[in-house]
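Undergrad: following is a predicted model, sequence given first.
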Amino acid sequence: MGRRRSSRELALKFLYQTELNRGEFEEQMQDFTERSACQGEVKKYMTELVDAIAIHKSVIDGLLEKCCENWTLSRMSVIDRNILRIATCELMFQKDVPPKVAIDEAVEIAKKFGSDDSPDFINGVLDRVKKELEKELAEPTPGKSI
């Protein structure tokens, strides 16, 4: 397994933990990284993802809500919701991660940690997220001349 996959899986485990446990974010992060013995590039990328999700959570969740047909984030499993957050964060903010890679990685992680329906669900939602982001980039900004 690659380092980035390990980082994504650790980010998923951390996000899962924070949804189930109350406490200070920084304290939970420190405890988590010590217990999981993650180091180097794996820890660095996992931390980047988790921090970006924490900072941009309302934007990420808003985009996911927009792209989820007949679903709200609160109705999703904790695993699916956080896999979607990680991949959407990568699609929006990690410009060195190609969209296809972000989506494929999310589907593979869903196969490992989600339900039988998770991979198809994750793939469908992220495809809509990708198209929505592409549409937003293609639309001219009001008041801006071309």
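TA: In hand now; what should we look at?
Undergrad: remind me, longest helix of the chain?
TA: Determined from DSSP state H, the single longest helix within the chain is helix 40-67.
Undergrad: now the helix or strand that that one is followed by against helix 40-67, angle please.
TA: As assigned by DSSP states H and E, the chain's next helix or strand after helix 40-67 is helix 78-93. Going by axes from the mean of the first three to the mean of the last three CA atoms, to 10 degrees, helix 78-93 is angled at 100 degrees with respect to helix 40-67.
Undergrad: heads up, I number from 472, so please use that
TA: From this message on, residue numbering opens at 472, which makes the last subject helix 549-564.
Undergrad: what's the following helix or strand after helix 549-564?
TA: helix 570-584.
Undergrad: what does that following helix rub up against?
TA: With contact meaning CB atoms under 8 Å, 6 or more residues apart in numbering, helix 570-584 is reached by 475-476, 479-480, 483, 550-551, 554-555, 557-558, 561-562, 565, 589-590, 592-594, 597-598, 601. For every residue, glycine as well, the C-beta is placed using N, CA and C.
Undergrad: fine, thanks again, bye for now.
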